[in-house]
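1. Pasted the sequence and its predicted model underneath.
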Amino acid sequence: MYTGIDIGGTKCAVILGDENAAIVDKIKFDTTTVDETYKRIVDAVRALGAGEAIGISCGGPLDAKNGVILSPPNLPGWDDVHIVELLEHAFGVPAYLKNDADACALAEWQHGAGKGCDNMVFMTFGTGLGAGLILNGRLYTGASDAAGEAGHIRLSRLGPVGYGKPGSFEGFCSGGGIKQIGQMFARAKFQMGARVSYCESPAELDGITAKTIADCAKQGQEDAREVYAFCGKMLGMGLSVLIDILNPERIVLGSIFQRCEELLRPSMEAVVRAECLAATAGACTIVPAALGDSIGDVAALTIAMMGDG
């Protein structure tokens, strides 16, 4: 048996799984202060029983090599937390830490849509946009453990803000980015006296979400479909950069792409065909993540199983 710990900005999970990363048992709880959350993690591991090793998935920045969480923006107060050392001391088994994008890349590579690939890119495409890179059959983390921060790539001089940068890949391709695109399109229509399917009036612009736009788009509302088509276009622009530079055989897209593939794929593929070298585009398939809502659990268990490999 193996133990996985998935530390998120609002929720944590401790998972017990077998050697195939199948979930045997699981305990979930809210993420709060460092001390309180760490205590609940320890209590949960004791309740489930510590496995042969512990894998920890957490948003960055972090120092995976030394097992330290370094002030992630979605975890206020989690500053210089030596989580690996603490857990190894508490349970006497090896523990390993990876950022969540790398952890999910390993999970999809070993157990999901990237199985059988030597060169694969996994992208989170949810609240934010990050990438995990499997290159030549190994996880690639870079010189300072920061490889894969694709969300920070600037795609346009101006545009929605993501990762603290207007016009960034994350600004265009994330839940918050789709909201910003939807607001921009809606404002233009309201100024022209037009109706907007996903927003009743200018006073309700702040209530727009990626989901409300997607719901209208899936019902056939053309203005909502335009928002996702534009996001798909920018997704294609960002992926084209990665395809030409990294030459992967597969790109696996999580979260929003899993749920809205039919809204994003046509415009995404049109841009990839236009922008990429024929050889790199022809070698790469773009697919939704296969592990669905269980990806965070499987990711943490995969870290425990693979260790530093």
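-> Sure thing, it's come through.

2. switch to C-alpha atoms for all contacts and neighbour counts from now on
-> Fine.

3. can you give me phi and psi for the most centrally placed residue in the chain?
-> Closest residue to the average C-alpha location of the chain: Thr124 at 2.1 Å, with CA atoms, centre = their mean. Summarising the backbone geometry of Thr124 under the convention degrees, to the nearest 10, its torsions are phi -70, psi -50.

4. Likewise for Gly51?
-> Backbone torsions for Gly51, taken as degrees, to the nearest 10, come to phi -90, psi -160.

5. ok, it - how many residues close by?
-> Counted by other CA atoms under 10 Å, the residues lying close to Gly51 total 19.

6. for Asp293, same thing?
-> Counted by other CA under 10 Å, the residues lying close to Asp293 total 11.

7. did I read that right, it in a helix?
-> Yes - when DSSP: H, G, I helix; E, B strand; the rest coil is applied, Asp293 is found to be in a helix.

8. sorry, back to before: please name the nearest non-neighbouring residue to the residue nearest to the centre of the chain.
-> On the basis of CA to CA, 6 or more residues apart in numbering, the spatially nearest residue to Thr124 that is not a chain neighbour turns out to be Gly254, at 5.0 Å.

9. Next one, pLDDT for that neighbour please.
-> We note a pLDDT of 92 for Gly254 in this prediction.

10. So what's the residue count around it?
-> One way to gauge burial is a neighbour count; for Gly254, by other CA under 10 Å, it gives 24.

11. since we're on the residue lying closest to His82 once chain neighbours are set aside, how many residues are nearby?
-> Leaving out its chain neighbours, the residue that sits closest to His82 by CA to CA, 6+ apart is Val68, at 4.4 Å. A count of nearby residues for Val68, using other CA under 10 Å, gives 21.

12. Was I right to think Val68 contacts Val84?
-> Yes - under the contact definition of CA atoms under 8 Å, Val68 touches Val84, with a separation of 6.9 Å.

13. list the residues that contact both of these two?
-> In terms of CA atoms under 8 Å, 6 or more residues apart in numbering, Val68 and Val84 are both contacted by the residues Leu97.

14. any idea of the mean pLDDT for stretch 212-219?
-> The predicted confidence, averaged over stretch 212-219, sits at 97.

15. Now do the buried residues in it.
-> Of the residues in stretch 212-219, those with enough neighbours to count as buried (16 or more other CA atoms under 10 Å) are 212-217.

16. And stretch 139-152, by the same measure?
-> Residues of stretch 139-152 classed as buried under the neighbour-count rule (16+ other CA under 10 Å) are 139-141, 145-152.

17. Could you pull up the mean pLDDT of the helix of greatest length in the chain?
-> Scanning the chain for the longest helix, with DSSP state H as the assignment, gives helix 222-246. When the per-residue pLDDT values of helix 222-246 are averaged, the result is 98.

18. swap in stretch 54-68?
-> Along stretch 54-68, the predicted local confidence has a mean pLDDT of 91.

19. As a check, name the ranges of all helices in the chain.
-> 34-48, 83-91, 100-111, 169-172, 175-191, 210-218, 222-246, 256-275, 278-283, 295-306.

20. Could you provide these in JSON lines, with additional columns for distance to Tyr2?
-> What follows is the helices of the chain, written out as JSON lines (distance: least, CA to CA, whole Å):
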{"stretch": "helix 34-48", "distance to Tyr2": "10"}
{"stretch": "helix 83-91", "distance to Tyr2": "13"}
{"stretch": "helix 100-111", "distance to Tyr2": "14"}
{"stretch": "helix 169-172", "distance to Tyr2": "33"}
{"stretch": "helix 175-191", "distance to Tyr2": "32"}
{"stretch": "helix 210-218", "distance to Tyr2": "35"}
{"stretch": "helix 222-246", "distance to Tyr2": "33"}
{"stretch": "helix 256-275", "distance to Tyr2": "27"}
{"stretch": "helix 278-283", "distance to Tyr2": "36"}
{"stretch": "helix 295-306", "distance to Tyr2": "6"}
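
21. any idea which of these is most buried?
-> Per-stretch averages of neighbours, counted by mean count of other CA atoms under 10 Å, single out helix 169-172 among the helices of the chain, with a mean of 32.

22. That one packs against which elements?
-> strand 161-162, helix 175-191, helix 222-246 (3 or more CA pairs under 8 Å, 6 or more residues apart in numbering; DSSP states H and E).

23. With adjacent residues omitted, what lies nearest to Asn247?
-> The spatial neighbour of Asn247 that comes closest, neighbours along the chain excluded (CA to CA, 6+ apart), is Thr280 at 5.5 Å.

24. where's that neighbour relative to Ala289, distance?
-> 21 Å (CA to CA, to the nearest Å).

25. now Thr212
-> For Thr212 relative to Ala289 (CA to CA), the value is 22 Å.

26. OK, contacts around Ser201?
-> Remark: with contacts taken as CA under 8 Å, 6+ apart, Ser201 is in contact with Phe190.
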